[in-house]
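In: Provided below for reference: sequence and predicted model.
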Amino acid sequence: MKRLDAPVARTYAGAASAAGPLLYVRSTRRAKLGEWVRIECAGQEERRGQLIDVGNEITVIQVFEDTLGLRPTDATITLTGETATTVVGKDLLGRALSGTGAPLDGLPPSIGEARLPIWGAPINPVRRQHPSDFIETGVTAIDGMNTLVRGQKLPIFSGPGLPGVELAADIVENARPARGEPFAVVFAAIGITERETQSFVSRFRESEVMERTVLFLNQASDPTIERLLTPRVALTTAEHLAFHHGIHVLVVMADITHYAEALREVAAAREEIPGRRGYPGYMYTDLATLFERAGVLKDSPGSVTQVPVVTIPDDDITHPIPDLTGYITEGQIVLSRELHQRGVYPPIDVLPSLSRLMNAGIGKDHTVAEHREWADQLYAVYARGREAKLMAAIVGSEGLAPGDQRALEFVEAFEKELIHQGGARRSLHDTIRTGWSLLDTLPRDELTRISDDTWAARAAAPKKQGSS
Amino acid sequence: MSEPRITRVAGAIAEAEPLGDAALYELVEVGKKRLLGEVIRIDGDVATIQVFEETSGVGLEEPVRRTGSSLTTRLGPGLLGAILDGIGRPLEGLADRSGNFIAPGATLPTLDPEARWSFVPSIESGATLSSGDVLGTVEERPGLIHRVMVPPGMAGRVADIQQGTFTVSDTIATLDDGSPLRLSHPWPIRERRPMGRRLPGDRPFITGQRVFDLLFPVVEGGSVAVPGGFGTGKTVIEQSLAKYAKADVMVYIGCGERGNEMAEVLHDFGRLTDPVTGRSIMDRTILIVNTSNMPVAARDASVYLGMTIAEYYRDMGYHVAILADSLSRWAEALREIAARLQEMPGEEGYPTYLANRMSRLYERAGRVESEGSAPRTGAVTFITAVSPPGGDFAEPVTQASLRVVGALWALDARLAHQRQFPAVDWDSSYSLYVDGSADWFASEGGADWAKLRTETIRLLQRDRELREIAGLVGVDALEDDDRLVLEGARIAREFLIGQNAFHPHDAFSTVAKTYHLARLLWAFMQTGSEALSSGVGFEKLDLAAVRVAFGAVKTAPPDALDERIAETEQTIADMGAT
Ligand SMILES: Nc1ncnc2c1ncn2[C@@H]1O[C@H](COP(=O)(O)OP(=O)(O)O)[C@@H](O)[C@H]1O
Ligand SMILES: [Mg+2]
């Protein structure tokens, strides 16, 4: 029995067959599911893999590096007896690493504080703290209308050519905690281009943010299957910083779409029965094992907040990647091509956007007392205006009821003055004030979401409108 | 015969041999970590096992142990207030054992083995008992009497019965043949519990949501599917019902959904009191939690566990509501397992038996006469969220649900984006329970309840037609009568069926408040059209005042409600008087 417990490496000469990123090996004794594998082939760099199906007859290895030129019969395969791990620790801060944690910055590998399995265990729901700490991102459409809180996973639904990564970078730049609490950023580049990576990284290279950032970079030209590891390595690092060191960690993962494509590639190689549009039936469960690693614990001061970026294929929000993401995450920030083309930045369409944890993070004790009503009211008028806009396209704005006409004008002002902020940071205070100035252009009896108490409070403090 | 050993592991599936003599659905312990699993296929010597815990690190040649029974749960006092994982282990216990993160391989009893309960017999020695008879009671939570029943299938003459304080496994009575009776008994969760006659539902399950109580009611014992794309409000509905709806016992199943949502449930439920009894709502609640990143086979089990617990309280004579969020994740768990078994896939990769399993599950809801004496009737109401991919209802889980449920609460993304909540699409939603609940609403709500319901639906339908016309010709071109309909429908959407789950006085609506709002809307339409026909122009109606008044009723604190209603009546009466 003793022998079984200690990680024992076993080496096999030759695989039976290969298909895409998979190798099939016969009679692997005591192989363990998830076991880490080294694959050597004369004259080629060592490859790494993982057992994804172990059987007395045949065992399947998923290879993380490109398998081009790999000759199965010549491969020497070592089952390491261990599962995939990564080095974690505070000394990773400031480092640029590959998608699996190897140094890219010319410095020696980090010694770290521990080596942890990257397949994190689920947080016990009874140990979760319900997230309620407001994060000021400086972005009005988020702070005001789709508030982000610590421990939340709030993806940016972007599209080809839309500034999803840039918006994520804005959030990172501005979302520093006010009270001088420790914070860190973990950035996982998953198959994005060098240009996209730089749009993120160059923002911070010169600033002190970089000292508090760990970069894991799997770029477009890096091995595809490695993309299945990168977010997990990043999240394991983040969890350690958060729950071991009490740091508030913001994890940006860009782009989940490339991750999902890697997942599909493996499924296709295994000839699995595909689910919707060729993506595997277990993609929901798989994505959940990433996104559910956001959270706050009851007895720990740190937190893991995730801002994943998802590129929506064909601008189709019902595509399985955004769809399953939206089913798991706590809302979504949706970018609009139309707003982008009109020069609105950030081009956030607030109607399909949502923060499910907003309610716990706003109000008297967190932001301003009237925050909910204020946001509801803006939503109500804007939604009415957007409907009116559709109608006006057919019947002309003269054909609209007076209330609809006002709402239509409101849409214009809302997008230009409230949503659009260029690259500038806007404080929550300014966000609320600007919102009120738009609402104040409307007759009061159309503002049915605003309570008497709020009107009374505003009347009592006319100079300090919107603040509390 | 040699000890069974693992011959394959892939995802949630393991194979072991020799294990051909196991029974289907027999529970086994898999590998060195003794992970719980269930035999789901036997082929010669090889048994296929679905494992309820994380299998990573499980290796070939590790041993598999049989347990001789199927996945059972212990039913007895102590379930109320429990927070269990998909296979019935208390999550607090798991946290004590492995900390903040769940580690596989723990066996923990569902019921606290040490807790002591004060048992009062209701029968005497010498009595003859049969299956389902009540032999005594325990006050499980303040005000909730737990009726201790003879386990299904057992019968005999009582040789001895004790009053006193007992644990769930102590013997409280002995039958003549020596068999002991205890405060608890095991039950295999995949089997439905026996019952007497099925009864038609005749009482509404009061949801506290006006759009349901008024337009699409459900009866106690009914079943409802709540499909909707992400963000359309399924979870808020399930949580609102769990918080405010009227039932003796609530079973909330978080199946394959978010951890933070469960943290919210635990946070909120712990602080809320039942509006009727004034006690903590956790006292009437059982939470079953299997978040999306917890093992997928346990997701399958979680729904059966919830159903079994619900049936158990039903058998005591209670009305139990099961709120499941979401049944789609359960179905996906079946799909995931089936795919691993390389079963022939049906539609969208789901196993061909999906519809069958689903209808068997839905059929466990109902209002029934319990087995045994004293006579009791109980009900299980089943309300389940469905998460259709892409928000498109033409998919197997939604469609299979529609074949069996009695009501559909269809949620619409467009309404949700407009923040019209609950985002119930009143065109495609329906309820087959309208007639069954009509008498109750007529006597407890108001004699003209049915009329108000029909009028509200008609108003909303007319509104949709008119808006299509207005979309072509402009509102200007509409008659005054039609513009009144548009305005009435706006009031209906905003103040009658719209409800803000986060407003302290709007989150829950009593039957009386629902009735009055519907009645006021009707009064508005009547008064408005009278004013118009007496020659007052539509522009002259003081609609702004009416809207403000409706808004005030909607959010009125209970003690100010009557006053707000009276004010609104007056505002309506005055609106044409300019
Ligand atoms: N009745 C309601 N009142 C106010 N807001 C609601 C209501 N229902 C839903 N919402 C809003 O919609 C969001 C999404 O609802 P949720 O129930 O989580 O959707 P789903 O479970 O369908 O994905 C909530 O976070 C909340 O902001
Ligand atoms: Mg939900």
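Out: Thanks, I have it. Numbering: from 1, shown residues only, chains lettered A, B, ... in the order given. Ligands and ions are numbered 1, 2, ... in the order given.
In: can you give me the strands in the stretch 251-400 of chain B?
Out: With DSSP state E, counting those that start in this stretch, the ranges of strands along the stretch 251-400 of chain B come out as B:285-290, B:319-325, B:366-369, B:377-386.
In: Need the single longest helix in the chain, by residues.
Out: Assuming you mean chain A. Secondary structure assigned by DSSP state H gives helix A:371-395 as the longest helix of chain A.
In: wait, chain B
Out: helix B:449-473.
In: Which helix or strand lies directly C-terminal to it?
Out: Following helix B:449-473 in sequence order, the next helix or strand is helix B:480-491 (DSSP states H and E).
In: can you give me the offset of the following helix or strand past that next one from its chain's centre?
Out: On the C-terminal side of helix B:480-491, the closest following helix or strand by DSSP H and E is helix B:511-533. How far helix B:511-533 lies from its chain's middle: 33 Å, per CA atoms, centre = their mean, to the nearest Å.
In: residue of chain A with the smallest distance to ligand 1?
Out: Nearest residue of chain A to ligand 1 (CB to the nearest ligand atom) works out as residue A:356 at 3.7 Å. Where you see a C-beta, it was placed from the backbone N, CA and C, and this is true even at glycine.
In: what's the spacing between that residue and chain B?
Out: Separation of residue A:356 from chain B (CB to the nearest CB, to the nearest Å): 8 Å.
In: Which residue lies closest in space to that residue, excluding its sequence neighbours?
Out: Of all residues beyond its chain neighbours, the one nearest residue A:356 is residue A:330 (4.3 Å), with distances taken as CB to CB, 6 or more residues apart in numbering or on different chains.
In: now swap in residue A:63 and tell me
Out: Excluding its sequence neighbours, the residue lying closest to residue A:63 (CB to CB, 6+ apart) is residue A:49, at 4.3 Å.
In: Check that neighbour and give its pLDDT.
Out: The model reports residue A:49 with a pLDDT of 95.
In: same question, residue B:105
Out: With respect to pLDDT, residue B:105 scores 89.
In: Run a quick neighbour tally on the residue of the stretch 101-250 of chain B found nearest ligand 2.
Out: Proximity of the stretch 101-250 of chain B to ligand 2 (CB to the ion) peaks at residue B:235, 3.2 Å away. Using other CB atoms under 10 Å in any protein chain shown, residue B:235 has 23 neighbouring residues.
In: element containing it?
Out: Counting by DSSP H and E, residue B:235 is part of helix B:234-244.
In: Around ligand 1, which positions in the stretch 101-250 of chain B sit nearby?
Out: Residues of the stretch 101-250 of chain B lying close to ligand 1 (CB under 6 Å from any ligand atom) are B:228, B:230, B:231, B:232, B:233, B:234, B:235, B:236.
In: Which two of these have the greatest separation?
Out: Using CB to CB, these span at most 12.4 Å, a distance reached by B:230 and B:236.
In: So for the two, which residue has more residues nearby?
Out: residue B:230 (26 against 17).
In: measure the residue nearest to that one when sequence neighbours are not counted to residue A:122 for me?
Out: The shortest distance from residue B:230 to any non-neighbouring residue, by CB to CB, 6+ apart, is to residue A:326 (4.0 Å). Separation of residue A:326 from residue A:122 (CB to CB, to the nearest Å) stands at 21 Å.
In: So for stretch A:296-303, what gets flagged as buried?
Out: A:296, A:297, A:300, A:302, A:303 (16 or more other CB atoms under 10 Å in any protein chain shown).
In: bridging residues for the first one?
Out: This points to residue A:296. residue A:303 (DSSP bridges).
In: Test my guess that it contacts residue A:131.
Out: Yes: if you go by CB atoms under 8 Å, residue A:296 and residue A:131 touch, sitting 5.4 Å apart.
In: Show me the common contact partners of these two, please.
Out: A:150, A:151, A:303 (CB atoms under 8 Å, 6 or more residues apart in numbering or on different chains).
In: those helices in the stretch 301-450 of chain B, which residues are they?
Out: Ranges of helices in the stretch 301-450 of chain B, per DSSP state H, counting those that start in this stretch, are B:327-340, B:354-362, B:396-402, B:413-417, B:434-440, B:449-473.
In: Pick the most deeply packed of these.
Out: Ranked by mean neighbour count under mean count of other CB atoms under 10 Å in any protein chain shown, these are led by helix B:327-340, which reaches a mean of 25.
In: ok, residues contacting that one?
Out: With contact meaning CB under 8 Å, 6+ apart, helix B:327-340 is reached by A:272-273, A:275, A:281-282, A:284-285, B:10-13, B:40, B:50, B:225, B:255-257, B:292, B:296-297, B:299-300, B:302-303, B:324, B:345, B:349-351, B:354, B:357-358, B:384-388, B:396-397, B:401.
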